[in-house]
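**Q** Give me a 3D structure for the following:
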Amino acid sequence: MNILFASTSEQPARWIPDLEKALPQDRFVLQPAPNVDVALVAQPPPNTFERLPNLKLVQSLWMGVEQLLLDPALPKRVPLARCLDPAMVAAMTETVLAHVLDWHRSHFRYRTQQQERVWQQLPQVLAGERTIGILGLGELGSIVGQTLYVRGFRVLGWSRRPKQITGIECLTDLSEILSRSDMIVCLLPLTMPTRRILNHKAFAEMPEGACLINVARGAHVVEKDLLAALDSGWITHAYLDVFETEPLPYESRLWTHPHVTVTPHTAALTDPRTAVPKIVENIERVRRGEAPEGLVDRVAGY
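**A** This next block holds a predicted model:
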């Protein structure tokens, strides 16, 4: 097979040596050509798909595919697969757990007290007294939710279709999960219905003193509405890894807001060491005439 590596965000040197080692019979190229069978992509350069008339698979190097779906040249009859990287799932779980514990154990407040040289013990809350709502119950959301359940937290989960997941009370009513959750963790795919879903109305439905973790996409949150909720004290803290504009502009108030923790889109990075075997498996599936894993539902948007 002829396999194209096309990305403005991922460096070929990080990926191609391992890919070539796993697929010695195949040929890897960096420029589109009519004889390309598989395209490995992450933010591909403009006019990539227009020059690939014989594709059998579009394999994303990332789990998110919303930008690919917006490309009008993306071939409609060619399978599109997300990258199901186990290291990314593990990293996302670790990030969410770290933020949950930081808020649950009041470490975010103790950091402020340290800056002010205040020695004051805050009330201790048991994990079983906290309710954490997970927005999005795909592979990431399900594992994150079950991890929090094992730690003793009450866990709610929201998805557009009814689900049954051990340890998670699954809901389809967004207002219900918002109103019952002390902390909301956003792990949604970015689609038209989920864009700007965390807005003034959503924050007003959350209990006073609640917390937000967004490790999905920046467009899920209306930042001016979140800042207003933080300024009022209704939301006590926000852990934000993704933003409406990235990199986060220098002048953004989110950098300096005392109740915001900023990380630079690092909650879970795709790791070629663990992603390559999954990509190779999909290429072999296509070679055998089988459907790839992580196949994207283009109507649903993920």
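**Q** where does the closest residue to Asp271 other than its chain neighbours land in three-state SS?
**A** With C-beta to C-beta, 6 or more residues apart in numbering as the criterion, Asp271 has its nearest non-adjacent residue at 4.2 Å, and that residue is Ala87. Any C-beta I mention is one placed from the backbone N, CA and C, and that applies to glycine too. Using DSSP: H, G, I helix; E, B strand; the rest coil as the criterion, the local structure at Ala87 reads helix.
**Q** can you count the residues close to Ala87?
**A** For Ala87, the neighbour count with other C-beta atoms under 10 Å is 15.
**Q** which ones are touching it?
**A** For Ala87, the contacting residues are 270-271, 273-275, by C-beta atoms under 8 Å, 6 or more residues apart in numbering.
**Q** The nearest residue to Leu140 once chain neighbours are set aside and Arg298, how far apart?
**A** Nearest non-adjacent residue to Leu140, counting by C-beta to C-beta, 6+ apart: Leu187, 5.0 Å away. Separation of Leu187 from Arg298 (C-beta to C-beta, to the nearest Å) stands at 21 Å.
**Q** just Val260 next, same as before
**A** Val260 is 35 Å from Arg298, by C-beta to C-beta.
**Q** follow-up on the earlier one: now do the same contact list for the residue nearest to Leu140.
**A** With C-beta under 8 Å, 6+ apart, Leu187 has these contacts: 92, 96, 134-136, 138, 140-141, 144, 215-216.
**Q** same question, Thr166
**A** Thr166 touches 146, 149, counting by C-beta under 8 Å, 6+ apart.
**Q** tell me which element the residue of the chain most remote from its centre falls in.
**A** Residue farthest from the centre of the chain, counting by C-alpha atoms, centre = their mean, is Trp119 at 37.2 Å. Using DSSP states H and E, Trp119 is not contained in any helix or strand.
**Q** tell me the contacts of it?
**A** Contacts of Trp119 (C-beta under 8 Å, 6+ apart): Gln113.
**Q** Could you do Val150 as well?
**A** Contacts of Val150 by C-beta under 8 Å, 6+ apart are Gly167.
**Q** Start the count at 212 instead of 1 going forward.
**A** Will do, 212 is the new start, and the previous item becomes Val361.
**Q** Local confidence estimate at it?
**A** At Val361, the model reports a pLDDT of 98.
**Q** Residue nearest the middle of this structure, spatially speaking?
**A** Most central in the chain (C-alpha atoms, centre = their mean) works out to Ala427, at 3.5 Å.
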